[in-house]
Structures are given as C-alpha cells and as structure tokens.
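Colleague: Below are the sequence and a predicted model; questions follow.
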There are 2 protein chains.
Amino acid sequence: MIPAKNNYQFEDMLDKHQLKKTAPRLRVLSMMYSKNTATSQPDLENVMHDIDRVTLYRILNVFEEKGIIHKVFDLDGTANYAVCHSDCEAHHHHDEHVHFNCTVCKNVYCLNELSLPSITLPAGFRPESFTLYASGLCPKCDKKNSAK
Amino acid sequence: MIPAKNNYQFEDMLDKHQLKKTAPRLRVLSMMYSKNTATSQPDLENVMHDIDRVTLYRILNVFEEKGIIHKVFDLDGTANYAVCHSDCEAHHHHDEHVHFNCTVCKNVYCLNELSLPSITLPAGFRPESFTLYASGLCPKCDKKNSAK
DNA sequence: ATATAAATGCAACAATATTTCATTTAGAAT
DNA sequence: ATTCTAAATGAAATATTGTTGCATTTATAT
Ligand SMILES: [Mn+2]
Ligand SMILES: [Mn+2]
Ligand SMILES: [Zn+2]
Ligand SMILES: [Zn+2]
C-alpha cells in the first residue's frame, strides 16, 4: 500500500523541495515512511534523543509547509504527522481522506483509499476542505480484544 | 435554532447535574449559550478576568463530563467547547454532527442539523464514533468577502 | 445558625511550544 | 581541494498551556 522508499529517494525528496539533505531530516523521513500510522512530536522525541527538540519542531513544520507531511490531531488534541500521498504542494494540501484514531493504542491511521462522501452544508457556508475522523478499535487492537 | 435560556434555566441545569450554582459556572454557561459558535479556554479567560484560570479549566472539564458541553478541536488544535444539543449524558456524548471551522474568523460552528453520511471503513476497523470537520468561509466572512 | 462537602483562588509545578542567537554544516563558487 | 555563504542545528531563554496541592470560601443540607 504505502510504497517503501530508500535513502536515495529521501534525498531526492529533500532536493526536490530545495531542502538541504541533513541527517536529522533524513532520519525523520525514514521513520515516518517506515510506519503506517502517524507520528507525533513526542514519538520522534522519544526515539531520536540526540536530535534537539527544537530541530524536530522545525523539521515537522518545514515538511508540512512543503507538502511532504500533513498534520492530524488525535482524540487528545495532540498533533500527529503522516506522509502525504495526495500530491500535495507547498502550502496547498489535498489530504481529504478519512483518519482513524484507535481508542486503545492511540495510533492514527490515514485511510487514503477512502474518499469522502459528499455533503451539503447549510446555506451560506463555503467549505474548502473536509476531514472525517473515525475512532474506535483498529484491526490490531480489535483482534487482540476478540482473542481473549 | 439554539433555544435561548435565562438564568433560572441555567440554575436548573446545574441542579439537574448535581453541581452547585456558583457565579463562575453560571457566567460560563450564559456566555456559551449566548453564542452560536464554540468557545475556547483562552476566549473565556480573556472575557472573565476575575475568574481564575484553573477554575475555568475545572468548569470546562466538569461540564464536559456531565454532558453539558462537548469539546471540538479547531484547525490549530486548540480545544473549543460548545453546548450539547444531542441529549448527551455524563460520560456519554452523542455529538456526531458536522463541525465547521472558518479559516478567516477562526470560529467553530456546530452544524447540529446535519447528520453524518454513513461510511464503510476498510476491513478490520471497528469504528465507534465519527466526526466530520469542514473548513472554509463561514456565512459572515463569505459575505464580507464577496462585498468588496 | 451550624456543619460539611464542594468549589474556588493561589502558588507551585509540569509539559509543550516558540524565540533568539551562536555554532556548525551542506552545497555552491572558486 | 579550499573557501565562502546561506541554511540548518543546538542550546538557552522565554512564553504558553495545562495540572496538582492546599488553604479559604461558599452553597446547601440539617
Ligand atoms: Mn492523513
Ligand atoms: Mn458540536
Ligand atoms: Zn489500536
Ligand atoms: Zn468566519
């Protein structure tokens, strides 16, 4: 589903966005591409002890600006970031898919396959984008749950 | 649309939920019922200087627990609170309506009239609740915008 | 009027995010 | 290869946001 990427491809990505190929950026990229769930700033901080917190914030911000990753808030309101698969451009995201937040493992899944049902808003509202959040049990946690 | 309420009704509400009728609580209630948009903690803090920050947090928390208000995160991830109109009970909310976040005035509107379209998730996911967020121009900001 | 549990206010603390600036480094120019 | 420079990082300071503990006040039941 998510196409795996190697380090050369990550370097290309940074090149393409006129970002310098630095070690912290490559590590963040490879971490985010290796998972099928979104990553929070605390997640990164816990794994990459040697990289400064501020650097992580800045990497997340610039990646979001460039359209490499997009931000999703989970049930607690903490920001999670996931790689974009919708040919997003700088300052112009198109990540209008469903997000699933597991109530047990707290992971956030991007359900890129699902497009949103169209919906009509009350008169006067001019919507520009939609996001649908679903929460409940993810496949893993549901399996564990029904096993016992 | 939103039924206006007077102070006696606010007192009744607190009574019904076994909460003491205190001045801070009544003021928060009346502020939230007087608007048709959600209220953030900073909003409250800016208006009610004389009430302690911590008290406001506690009021919001207990109101949410009791099913009087529900929490909505806006585009920046800040928590906003809006009155419930879905006969919510303590620890059991049913606020599955559409939320609209205006990109200009930043206001969050509960579109209680709109129910959510049903949606089928990929195999394995066991959803328990849904929220649909829309963002764009609210009626007011759209009108101002097209005027000039 | 009194008693008591609940609620508030204040101070301290913790967690999270941003700003500033000195130092380092990637990539371009020579 | 060496030098140069803008970009990126790291570290400290500051700001913002949310929580905890405790003394004081207050709503309400008796
Ligand atoms: Mn996504
Ligand atoms: Mn709502
Ligand atoms: Zn899960
Ligand atoms: Zn607006």
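Modeller: Arrived safely. Ligands and ions are numbered 1, 2, ... in the order given.
Colleague: Where does pLDDT dip in chain A?
Modeller: A:1-3, A:148 (pLDDT under 70).
Colleague: Sheet-wise, list the partners of the longest strand along it with their directions.
Modeller: In chain A, with assignment by DSSP state E, the single longest strand is strand A:126-137. For strand A:126-137, the paired strands and their directions (DSSP bridges) read strand A:97-102 (parallel), strand B:126-137 (antiparallel).
Colleague: among those, which is the most enclosed?
Modeller: Most buried of those, by mean neighbour count (mean count of other CB atoms under 10 Å in any protein chain shown): strand A:97-102, with a mean of 24. Glycine gets a C-beta too; all of them are placed from N, C-alpha and C.
Colleague: Could you list every helix and strand in contact with the top helix by length along chain A?
Modeller: The single longest helix within chain A, with elements called by DSSP state H, is helix A:53-66. Contact analysis of helix A:53-66 by 3 or more CB pairs under 8 Å, 6 or more residues apart in numbering or on different chains; DSSP states H and E lists helix A:23-34, helix A:41-47, strand A:69-73, strand A:79-83 as its packing neighbours.
Colleague: Any idea how far the longest strand of chain A is from the middle of the chain?
Modeller: 14 Å (CA atoms, centre = their mean, to the nearest Å).
Colleague: I'd like the distance between the residue in chain A that ligand 1 sits nearest to and DNA strand C.
Modeller: Per CB to the ion, A:Cys110 is where chain A lies closest to ligand 1, at 3.3 Å. Distance from A:Cys110 to DNA strand C, counting by CB to the nearest atom of the strand, to the nearest Å: 20 Å.
Colleague: residue contacts, the nearest residue to A:Thr37 once chain neighbours are set aside?
Modeller: Using CB to CB, 6 or more residues apart in numbering or on different chains and skipping residues adjacent in sequence, the residue nearest A:Thr37 is A:Asn107, 4.1 Å away. For A:Asn107, the contact set (CB atoms under 8 Å, 6 or more residues apart in numbering or on different chains) comprises A:Thr37, A:Ala38, A:Asn101, A:Cys138.
Colleague: same question, A:Asn80
Modeller: Neighbour list for A:Asn80: A:Ala38, A:Thr39, A:Ser40, A:Lys71, A:Val72, A:Phe73, A:Asp74, A:Val108 [criterion: CB under 8 Å, 6+ apart].
Colleague: could you measure A:Val102 against B:Ser118, distance?
Modeller: One thing to correct before we go on: residue A:102 is Cys, not Val. 20 Å (CB to CB, to the nearest Å).
Colleague: Tell me the residues of chain A that contact DNA strand C?
Modeller: A:14-15, A:20-23, A:41-42, A:53-54, A:57, A:61, A:78-79 (CB under 7 Å from any atom of the strand).
Colleague: ok, those residues vs B:Met31, which is closest?
Modeller: A:Thr78 (27.2 Å; CB to CB).
Colleague: does that closest one really touch A:Asp43, like I thought?
Modeller: No. With contacts counted by CB atoms under 8 Å, A:Thr78 stays clear of A:Asp43, the gap being 9.7 Å.
Colleague: coming back round to it: the longest helix of chain A vs strand A:69-73, what angle?
Modeller: 110 degrees (axes from the mean of the first three to the mean of the last three CA atoms, to 10 degrees).
Colleague: any residue of helix A:53-66 up close to DNA strand D?
Modeller: Yes. Remark: helix A:53-66 sits within contact range of DNA strand D at A:Val54, A:Thr55, A:Arg58, A:Ile59, A:Val62, by CB under 7 Å from any atom of the strand.
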